[in-house]
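Enquirer: how would this look folded up:
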Amino acid sequence: MHEPRFEAFAGQDACRGRVRWSPTTSIWVTSMLLVTCLAGPVTLAADTLLVFATTTAMTLCLGHSLGMHRLLIHRSYATCKPLEYALVWLGVLVGLAGPLGMMRTHDLRDWAQRQARCHDYFGHRRRWYQDAWWQLHCRLELAAPPTFRPERAVSEDPVYRFLERTWMAQQLIPAALLFACGGWGWVVWGVCARVTVSVGGHWLIGYFAHNDGHQSWRVAGAGVQGFNLPFWSLLTFGESWHNNHHAFPGSAKLGLHAGELDPGWWVLKALAAAGLVWNLRLPEDLPPRAELRPVGPRTRQACASFEPNRNRYPGAVGFAASGGTTKLTENARRRQ
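Expert: Just a heads-up that it's a prediction; the model follows:
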């Protein structure tokens, strides 16, 4: 796992701040939406829908979920540098931000949500329409933010620095390829509609995953909790198991219980079988977390039936229970 990227100091505050309009982001999102709404209906056809579905699946699964989130941000598995660059590039094509921008936004939100109190912007606490405006068109300027210090292996990497400077312009590459193969209809649906749905969907899942849903865990002391959204697991390639992710952020597998579908994990297993990725981390590989609490009978039953074995599970997850401290780990069979 990576070291914390935000440097704490006395007086830092996750609550005090102002939400301000972000012109660049707002114009980017709005322009993609306008092209989709105006040109989408007149270019709609079976081939353009297929292009939309294919490019969206590739960029969300291989790019956002596996490249940006599970690899670059959480380092939950390892791979060779060329494949890492390819996956992160696909993540850039989702249209949210560059590599460093994604790391900063993600880790700042995580830091704030772990505090006892944080700004409503981090907690998605406002009405859906106000939260949509905030998340898609604005930025939060904290009065006393922590200092962002990404690892030098990323911040000084020339490829990542280039992608950070040109993340919007990277859409020109798939746009040129799509135009050459299928004309403007393929560009509209393979770039503009894809970016519109991906960025809007990212906000929508984030909104509901922090407001309502199923929980297996609670993080004691955290002002914002995550929720699982089972219905969306296939469309999000496993990213909707957000309560699991709050509990075990460094795990490469997000669907942890039986029946929790995680297509991103399936792809990782296939890549591992081909020797393209390795060191896939699961909850038992992570450091203990004494603040973790089980929620619901299924999780409590798993806790009660587990017999601690520190030699076999040195990274067993800890949580404080009434009457003492119990250790919980995911069984090694989940690797299968």
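
Enquirer: Geometric centre of the protein: which residue is closest?
Expert: residue 69 (4.6 Å; Cα atoms, centre = their mean).

Enquirer: Could you find the closest non-adjacent residue to it?
Expert: residue 239 (7.0 Å; Cβ to Cβ, 6 or more residues apart in numbering). For glycine as for every other residue, the C-beta is placed from the backbone atoms N, C-alpha and C.

Enquirer: Could you look up the SS state of that neighbour?
Expert: coil (DSSP: H, G, I helix; E, B strand; the rest coil).

Enquirer: Strands of the stretch 1-150 of the chain, residue ranges please.
Expert: 6-7, 17-21, 78-79, 138-142, 147-148 (DSSP state E, counting those that start in this stretch).

Enquirer: Which one of those has the poorest average confidence?
Expert: For the strands of the stretch 1-150 of the chain, mean pLDDT drops lowest on strand 6-7, to a mean of 78.

Enquirer: That one pairs with which strands, and in what direction?
Expert: strand 147-148 (antiparallel) (DSSP bridges).

Enquirer: next helix or strand past the partner strand?
Expert: Remark: after strand 147-148, the chain's next helix or strand is helix 152-155, criterion DSSP states H and E.

Enquirer: Show the average pLDDT along whichever helix or strand comes after that next one.
Expert: As assigned by DSSP H and E, the chain's next helix or strand after helix 152-155 is helix 158-165. Averaging pLDDT along helix 158-165 yields 98.

Enquirer: Flag every buried residue along helix 158-165.
Expert: 160, 163-164 (16 or more other Cβ atoms under 10 Å).

Enquirer: where does this structure have low pLDDT?
Expert: Scanning the chain for pLDDT under 70 picks out 1-3, 296-336.

Enquirer: Mind doing that once more with 90?
Expert: 1-11, 212, 258, 288-290, 294-336 (pLDDT under 90).

Enquirer: Can you identify the helix in it that spans the most residues?
Expert: helix 23-43 (DSSP state H).

Enquirer: how big is the angle separating it from strand 138-142?
Expert: Here helix 23-43 runs at an angle of 160 degrees relative to strand 138-142 (axes from the mean of the first three to the mean of the last three Cα atoms, to 10 degrees).

Enquirer: which of the residues in helix 23-43 are buried?
Expert: So helix 23-43, judged by 16+ other Cβ under 10 Å, has buried residues 25, 28-29, 32-33, 35-36, 39-40, 43.

Enquirer: One more: stretch 260-272?
Expert: Buried residues in stretch 260-272 (16+ other Cβ under 10 Å): 260-265, 267-269, 271-272.

Enquirer: Assess the claim that residue 51 and residue 191 are in contact.
Expert: No: between residue 51 and residue 191 no contact is recorded; they are 9.5 Å apart, counting by Cβ atoms under 8 Å.

Enquirer: tell me, what's touching those two both at once?
Expert: Jointly contacting residue 51 and residue 191 under the rule Cβ atoms under 8 Å, 6 or more residues apart in numbering are residue 178.

Enquirer: which outside residues touch the longest helix of the chain?
Expert: Contacts of helix 23-43 (Cβ under 8 Å, 6+ apart): 95, 136-139, 168, 184-185, 188-189, 192-193, 195-196, 199.

Enquirer: hmm, which of these are the buried ones?
Expert: Going by neighbour count (16+ other Cβ under 10 Å), the contacts of helix 23-43 have 95, 136-139, 185, 188-189, 192-193, 195-196, 199 buried.

Enquirer: which residues touch residue 238?
Expert: Residue 238 is in contact with 65, 254-255, 261-265, counting by Cβ under 8 Å, 6+ apart.
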